[in-house]
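> Pasting the sequence and the predicted coordinates here, then a few questions.
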Amino acid sequence: MTKELLAEVKQGLQRLQDELNKGHTRAFLEYLQTLGRFHQYSFHNSILIWLQKPDATLVAGFRRWQELGRWVRKGEKGIRILAPIIKKVVKEDADGLPLEVEEVVGFRTAYVFDISQTDGKPLPDRLIAQGPESLYPRLKALCPFPVEETEDLPFGTEGSTNGHRIRIRASLSPAAKAAILIHEWAHGLLHYQDPGKNLPPPVQELEAEATAYVVGTRLGLDMAGSRDYILSWTGNIALKDHNLRSWPPSSDGKPAAPFKWSPEHNYPQGA
């Protein structure tokens with residue numbers, strides 16, 4: 001069964017790449033929205049959730065929903081994901097003494113359900129909506145790169161980075177500044193070290209804006225402009241030679257680990 005799920009992931013990625021190469025962004029943006037909602041799930045599992053239920057917003061296992069006072073309606077079809085098989089093993093610590101640790105030794109198929117497939121008690125709100133006026137200063141304070149607001153930028157350029165600092169046009173609205181900050185932040189993390197710095201510029205731009213779209217939509221920003229920006233780069237021949245299976249990259253510029261598992265937390269995962 002796990003081989004079937006991995007084959008579905010591969011097919012889903014090929015579909016995304018084929019759509020992008022044709023200049024179509026709808027499926028890719030839908031997937032990015034899913035990735036933002038389920039950022040604590042692995043890359044493979046976020047793909048699986050998107051393929052099986054692209055409109056999912058909050059998912060949890062059958063028992064977890066029961067613990068939260070909700071129940072899965074009869075006849076609802078579960079969303080198949082990959083769950084780790086964990087085994088306790090004894091290893092030696094730095095002093096040569098035995099140490100019991102848990103290791104992932106394989107994967108099995110597990111099922112989760114979206115909140116739309118359940119009935120029961122309302123869930124408490126987890127997120128307090130933050131307007132762009134308060135969001136931008138918070139992002140700026142958290143950014144690992146110094147942020148400078150200036151009008152001294154080339155015509156048509158709203159933001160830039162050299163990998164050491166970020167410059168943003170001062171006259172922009174707080175919402176626009178927040179979106180551009182996330183975009184340049186992604187560039188700073190992904191494209192100023194190997195192997196990201198060697199990627200063709202169109203690929204770098206697609207990665208940065210895709211990252212901005214995931215984070216921005218998760219934070220409640222209107223990222224409608226991302227569609228046209230992504231589309232403006234997808235027709236470039238460089239993207240046709242770039243394998244989408246290497247995306248999303250990790251912060252060190254390398255492809256994300258294929259099985260970075262995050263277990264269910266005390267709350268369903270999603271927006």
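Cool, the structure landed. On a predicted model such as this, the values are computed, not experimentally measured, just so you know.
> what ranges do the helices span in this protein?
For the chain, the helices defined by DSSP state H cover 2-21, 26-37, 43-52, 62-67, 132-142, 174-190, 201-218, 225-234, 237-240.
> Against which helices or strands is the fifth one packed?
To tie it back to what came earlier, the one meant is helix 132-142. With contacts taken as 3 or more CB pairs under 8 Å, 6 or more residues apart in numbering; DSSP states H and E, helix 132-142 sits against helix 174-190. Just so you know, the C-beta spots here come from the backbone N, C-alpha and C atoms, and that holds for glycine as well.
> change it to 10 Å
Other helices and strands packing on helix 132-142, by 3 or more CB pairs under 10 Å, 6 or more residues apart in numbering; DSSP states H and E, are strand 147-150, strand 166-169, helix 174-190.
> Repeat that for the fourth one.
Packing partners of helix 62-67 (3+ CB pairs under 10 Å, 6+ apart): strand 58-60, strand 70-72, strand 98-114, strand 118-120.
> Relative to Glu148, which of these is closest?
Glu148 lies closest, by CB to CB, to one member of the helices and strands packed on helix 62-67: strand 58-60, at 38.6 Å.
> start to end distance for stretch 152-172?
13 Å (CA to CA, to the nearest Å).
> Mind listing what's buried along that stretch?
By neighbour count with 16 or more other CB atoms under 10 Å, stretch 152-172 contains the buried residues 158-161, 166-169, 172.
> quick one on the thing from earlier: okay if I get the helices of the chain as JSON lines plus mean pLDDT?
Formatted as JSON lines, the helices of the chain follow (pLDDT from 0 to 100):
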{"stretch": "helix 2-21", "mean pLDDT": "88"}
{"stretch": "helix 26-37", "mean pLDDT": "88"}
{"stretch": "helix 43-52", "mean pLDDT": "93"}
{"stretch": "helix 62-67", "mean pLDDT": "94"}
{"stretch": "helix 132-142", "mean pLDDT": "89"}
{"stretch": "helix 174-190", "mean pLDDT": "95"}
{"stretch": "helix 201-218", "mean pLDDT": "89"}
{"stretch": "helix 225-234", "mean pLDDT": "76"}
{"stretch": "helix 237-240", "mean pLDDT": "49"}
